[in-house]
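1. With the input below, show me the fold.
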Amino acid sequence: MIRRPAEMKMESRPNMRGGTGTVAIRHYFSKEEFRAPVRLCAKLIIPPGASIGMHSHDNEDEVYIVTRGSGLLDDGKTPTRIAVGDSILTGGGGAHAVRNDTSEELEIIALIATYQAPAPSK
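-> Got it, this is the predicted structure:
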């Protein structure tokens, strides 16, 4: 399946996950189009000064791939500079936030794959 940019759904999220500003989301494919358990496949466009607030990924893994600009990724321990070409994996209950502290847009491809929580042991 090929999806052209003009066919992709655009969404605006003000204060995404408690962050600042408005993040634009270009959805490449919806979760219903996948056979595998994928919750998100999109480009996140974070304007200067905007951020995605701290959030955790329980029962899912999220991959970020930075395709434009740079910013700060906070994993709850140490804010780390991310830039074009960097890949980030967060999951298994891990948390992160990202902030564009530059004067250029920050673009990140995001893919979230979900999985069932392990059954409680007896």
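2. So I25 sits against A42, correct?
-> Yes. With contacts counted by Cβ atoms under 8 Å, I25 reaches A42, the gap being 5.0 Å. Where you see a C-beta, it was placed from the backbone N, CA and C, and this is true even at glycine.
3. These two: which has the busier surroundings?
-> A42 (21 against 17; other Cβ atoms under 10 Å).
4. where exactly do the strands run in this structure?
-> In the chain, the strands defined using DSSP state E lie at 9-14, 22-29, 38-46, 51-56, 60-68, 70-74, 79-83, 87-91, 95-99, 106-114.
5. Any chance of TSV for the ones you listed, columns distance to M1 and mean pLDDT?
-> Formatted as TSV, those follow (distance: least, Cβ to Cβ, whole Å; pLDDT from 0 to 100):
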stretch	distance to M1	mean pLDDT
strand 9-14	15	98
strand 22-29	8	98
strand 38-46	12	97
strand 51-56	28	97
strand 60-68	20	97
strand 70-74	31	98
strand 79-83	30	97
strand 87-91	24	96
strand 95-99	29	97
strand 106-114	16	97
